[in-house]
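Q: I would like to see how this sequence folds:
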Amino acid sequence: MQFTFIGTGIVLCMAVLIVAGCLGSGSPDVQTPSPGLAGTPVKEDHIVANETQNGATVYVNKSTDITVALQENPTTGYQWNLTLSPGLSLINDTYVSSDPSGKLMGAGGTHSWDMVASETGTQTIHAVYRRSWETVTGNETAFDMTVIVQ
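A: Below you'll find the predicted structure:
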């Protein structure tokens, strides 16, 4: 009987912790040190996302600058094909090689897109990493991020 009580106590404690975690403040004015975390409201003028924010939802104010920086290796033909919803305006599209000398064959680099949250509402960033001449199979590497613009 004691085992059942302990098991029930553990279940009750876990339920309390889960409910407490779900009842966070959720205030859009909270500044956090990790703006890329899913569901975390932020008050930032500029956020930067990379592969670790794949699948994340971020909350930003209108006119916030957003940079997405993804590893890319165009020397092998693989490049990111980026698509933005209409409420995100692309400002800059840049690729920087990891080999500034240009002498290392097959060197990759980082592809960065700078954009601004220009319209309120739910916006999306979607990118597919593929070779342009190959048929899309649905198994390509993808990057997706939802941006809630307030």
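
Q: use CA for all of it now, contacts and neighbours both
A: OK.

Q: so where do the strands sit in this structure?
A: Secondary structure of the chain (DSSP state E): strands located at 40-41, 46-49, 57-60, 65-72, 78-84, 88-97, 109-117, 121-131, 141-149.

Q: and the ones you listed, which one is worst for confidence?
A: For the strands of the chain, mean pLDDT drops lowest on strand 40-41, to a mean of 48.

Q: Kindly reformat the strands of the chain as TSV containing distance to residue 103 and mean neighbour count.
A: Shown next, in TSV, are these (distance: least, C-alpha to C-alpha, whole Å; neighbours: other C-alpha atoms under 10 Å):
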stretch	distance to residue 103	mean neighbour count
strand 40-41	42	22
strand 46-49	29	17
strand 57-60	39	24
strand 65-72	17	21
strand 78-84	19	16
strand 88-97	11	15
strand 109-117	13	19
strand 121-131	23	17
strand 141-149	28	19
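
Q: residues touching residue 101, list them.
A: Going by C-alpha atoms under 8 Å, 6 or more residues apart in numbering, residue 101 touches no other residue.

Q: ok, now how distant is it from residue 70?
A: With distances taken as C-alpha to C-alpha, to the nearest Å, residue 101 is found 21 Å from residue 70.

Q: Could you do residue 102 as well?
A: 19 Å.

Q: Over to residue 138?
A: 19 Å.

Q: just residue 81 next, same as before
A: Taking C-alpha to C-alpha, one finds residue 81 at 11 Å from residue 70.

Q: Repeat that for residue 83.
A: On the measure of C-alpha to C-alpha, residue 83 and residue 70 end up 14 Å apart.

Q: which residue is nearest the middle of the protein?
A: residue 53 (3.3 Å; C-alpha atoms, centre = their mean).

Q: Residue 142 is in contact with that residue, correct?
A: No. Shown here, residue 53 and residue 142 do not form a contact pair, counting by C-alpha atoms under 8 Å, at 11.7 Å.

Q: Backbone torsions only: list them for residue 107.
A: phi -70, psi 140 (degrees, to the nearest 10).

Q: What's the separation between it and residue 150?
A: 40 Å.

Q: Over to residue 87?
A: 11 Å.

Q: Overlap in contacts, those two.
A: Joint contacts of residue 87 and residue 150 (C-alpha under 8 Å, 6+ apart) are 120-121.

Q: Who has more neighbours out of those two?
A: residue 87 (18 against 15; other C-alpha atoms under 10 Å).
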